[in-house]
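[1] This is the structure alone, sequence omitted:
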C-alpha cells in the first residue's frame, strides 16, 4: 500500500487568470454567458463545474479543479492540478465577443507559484517562459516578473495591459 501511494502526486499550485473586458456598446455583461458555454470553455482547461451560486454582482463557480468568478466585465479563473488554463484565453475572448459584445481586453493578469513537478504539466505550463511567450503572442505590452528565489519557492506573474481591440485577436 505505501508503495502505491508514493506514486500518486497532485500539483496543488494554483494558476490564476484574470481578464477585464470593455466595450463601446450599451452594457454587455459576462454573466449573460450561459453555463453550457462556460462548460465548453472549461473542457479546454480540463476541469468542470461542480456548483454555482450568484448574487447581484457575481456568479461564482466551484470547479473540479478550483473556482471561477464572473462579474459584469471581469473573468477570474483559478485552477490547479494539470489544467491547461492558458489554452482557454483565445476561446474565452471569442466567446465574450460573440455572446456579450465586448470589443476590448483592458487587462490580463496571469500568475502561479513555482510548480513542484513542472514536467507533469501540459507543455504550455511546463515553464514560465513558455507561458509568457504564449501570452505575449496574444497581447502586447506585457511585463513578466518572478518574485522570490528562482532556485527555490517563487511566484511567477505576468501583467498584460494595453487596451487591445478584440477584433485583432
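    In hand now; what should we look at? Keep in mind it's a predicted model, so treat the numbers as computed, not measured.

[2] for this structure, what helix or strand is lowest in average pLDDT?
    Here the helix or strand of the chain ranked lowest by mean pLDDT, DSSP states H and E is helix 2-7, holding a mean of 54.

[3] next SSE after it?
    Beyond helix 2-7 on the C-terminal side, the first helix or strand identified by DSSP states H and E is strand 15-22.

[4] which other helices and strands contact that following strand?
    Contacts defined by 3 or more Cβ pairs under 8 Å, 6 or more residues apart in numbering; DSSP states H and E place strand 15-22 against strand 74-79, helix 89-100, strand 104-113. Bear in mind the C-beta positions are built from the backbone N, C-alpha and C, glycine included.

[5] change it to 6 Å
    Counting contacts by 3 or more Cβ pairs under 6 Å, 6 or more residues apart in numbering; DSSP states H and E, strand 15-22 is packed against strand 74-79, strand 104-113.

[6] How far does the longest one sit from its chain's centre?
    To tie it back to what came earlier, the one meant is strand 104-113. 8 Å (Cα atoms, centre = their mean, to the nearest Å).

[7] what lines up beside it in the sheet?
    With DSSP bridges as the test, strand 104-113 is paired with strand 15-22 (antiparallel), strand 154-165 (antiparallel).
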